[in-house]
Every structure is written in structure tokens, then in C-alpha cells.
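In: Structure, please.
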Amino acid sequence: MTLYEYIDGLTEAEQDAYAGRCGTTGKYLRGHIKGATRIPRPALMKALSVESSGEVSLDDVFRHFGLLETGKSAA
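Out: Next comes the predicted model:
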């Protein structure tokens, strides 16, 4: 699952809770993370994966922000 699909599948309240667990706000999640308009700090990228309870891998997070080519996995 992509990070965009994961976030898009959550209700606004669930997005706010997910963002809080990741150490950010729902507004930032919807405005900058979902649209990949800003590359977050490494700790936030890791949290986006961890706090998705296995739905989004760290590779998926990297791909979302254009840091890893599609179809390739990080070593």
C-alpha cells in the first residue's frame, strides 16, 4: 500500500490520531505529507511507517517522497 492510499483511507479523526502518534499534526499530514510537498525529517519518515502498523513500509515512505525509485527496494 502506498502512503498516499493509507492516509486517504483514514477518516479525518484517524488521520489526526496517526499524525499525533508520528509526532506531527493532522494539518501537516494532510497538507504536506499526503501531497509530498515537503520531505520530512528522517525520524518522521520512520514513524510514518512504524505507526501504520505494517500497512506502509519504510521503502513505501521513501518512494512517496521520491527518495527511492519505484520497483526497487532499499538495501
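In: Around the closest residue to residue 16 other than its chain neighbours, how many other residues sit close by?
Out: Using C-beta to C-beta, 6 or more residues apart in numbering and skipping the chain neighbours, the partner closest in space to residue 16 is residue 26 (3.6 Å). Glycine gets a C-beta too; all of them are placed from N, C-alpha and C. By other C-beta atoms under 10 Å, 18 other residues sit near residue 26.
In: Could you pull up the residues touching residue 26?
Out: By C-beta atoms under 8 Å, 6 or more residues apart in numbering, the contact list for residue 26 reads 12, 15, 16, 19, 20.
In: Show me which pair in these is furthest apart.
Out: The span of those, defined through C-beta to C-beta, is set by 12 and 20 at 12.7 Å.
In: which of these two has more neighbours?
Out: residue 20 (13 against 9).
In: starting at the chain centroid, how far to stretch 35-53?
Out: Its chain's C-alpha centre and that of stretch 35-53 lie 4 Å apart, by C-alpha atoms, centre = their mean, to the nearest Å.
In: And that stretch, what's buried?
Out: Buried residues in stretch 35-53, counting neighbours by 16 or more other C-beta atoms under 10 Å, are found at 40, 44, 45, 47, 48, 49, 51, 52.
In: Averaged pLDDT, it. What do you get?
Out: The average pLDDT within stretch 35-53 is 97.
In: what's the span of that stretch, first residue to last?
Out: 21 Å (C-alpha to C-alpha, to the nearest Å).
In: ok, now stretch 30-45?
Out: Using C-alpha to C-alpha, one end of stretch 30-45 lies 15 Å from the other.
In: what does that stretch contact?
Out: Against stretch 30-45 from outside (C-beta under 8 Å, 6+ apart): 3-4, 7-8, 15, 19, 22-24, 48, 58, 61-62, 64-67.
In: contacting residues around whichever strand or helix holds residue 13?
Out: Using DSSP states H and E, residue 13 sits in helix 12-22. With contacts defined as C-beta under 8 Å, 6+ apart, helix 12-22 is touched by 7, 10, 25-26, 28-30, 33, 44, 47-48, 51-52.
In: quick one: buried residues of it?
Out: 15, 16, 18, 19, 22.
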